[in-house]
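Chemist: Predicted model and sequence below, questions to follow.
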Amino acid sequence: MKQHTIAVIVGSIRKDSLNQKLADALARLAPPEFSFKRVRLDDLPLYNQDDDGNPVAAVTRLREAIKAADGLLFLTPEYNRSIPGVLKNAIDHASRPWGQSVWAGKPAGVLGVSVGAIGTALAQQHLRNILAYLDVPTLGQPELFLQAKEGLFDANGDIGPDSRAFLQGWMDRYVTWVKQHAA
């Protein structure tokens, strides 16, 4: 059975990030042939085209992590109705220099959790627009807009019983999506 490595890109660098918690819980719903590796974003400098020819180690590490992945899992909070700057910065670094994007062709899942009633719906739409331009095939259905409410996570940090079936269904569909694109 082929092993699939998934690069997990969490658009929050907050210590107690709900999206990181969701990423960890979702990884435990995946089959054993899927491994999830978080991509570090907190030490990336602001993107500057002048640096394309001589990237710092953090940018090289980011690009290599994306290149090595069979698929991508984006989890984004919503800041002012869009994606956080740290996420856009990482996307820009890994898409440059022009013609050398490491994103193209990597199957992706996009989701997020927020305390707001609409979850991360608008941030996800903005992210999907960016990914479409970068030639990242993105799982369209089911969409996942989660509001962080009591019971979403259990005491162990796993998905709570009221949301488990829905999130397991999402993960099953994501696994199929990655396998289809890996073939």
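Modeler: Alright, I've got the coordinates.
Chemist: all contacts plus neighbour counts: C-alpha atoms, from now on.
Modeler: Noted.
Chemist: what does the helix or strand containing residue 167 contact?
Modeler: Using DSSP states H and E, residue 167 sits in helix 161-182. Helix 161-182 has contacts (C-alpha atoms under 8 Å, 6 or more residues apart in numbering) with 26, 29-30, 70-71, 106-109, 139, 142, 144, 151-152, 154, 159.
Chemist: Quickly name whichever of the residues you listed is closest to residue 78.
Modeler: Nearest to residue 78 among these, counting by C-alpha to C-alpha, is residue 144 at 13.4 Å.
Chemist: That closest one contacts residue 111, correct?
Modeler: Yes - if you go by C-alpha atoms under 8 Å, residue 144 and residue 111 touch, sitting 5.5 Å apart.
Chemist: Spatially central residue for the chain, please.
Modeler: residue 74 (1.2 Å; C-alpha atoms, centre = their mean).
Chemist: tell me what the helix or strand hosting that residue is packed against?
Modeler: Secondary structure from DSSP H and E places residue 74 in strand 71-75. Secondary-structure packing of strand 71-75 (3 or more C-alpha pairs under 8 Å, 6 or more residues apart in numbering; DSSP states H and E): strand 4-10, helix 18-27, strand 108-114.
Chemist: which outside residues touch the last one?
Modeler: Right, the one you point to is strand 108-114. Contact with strand 108-114 is made by 18-19, 22, 71-78, 119-120, 124, 127-128, 136-139, 143-148, 174, 178, as judged by C-alpha under 8 Å, 6+ apart.
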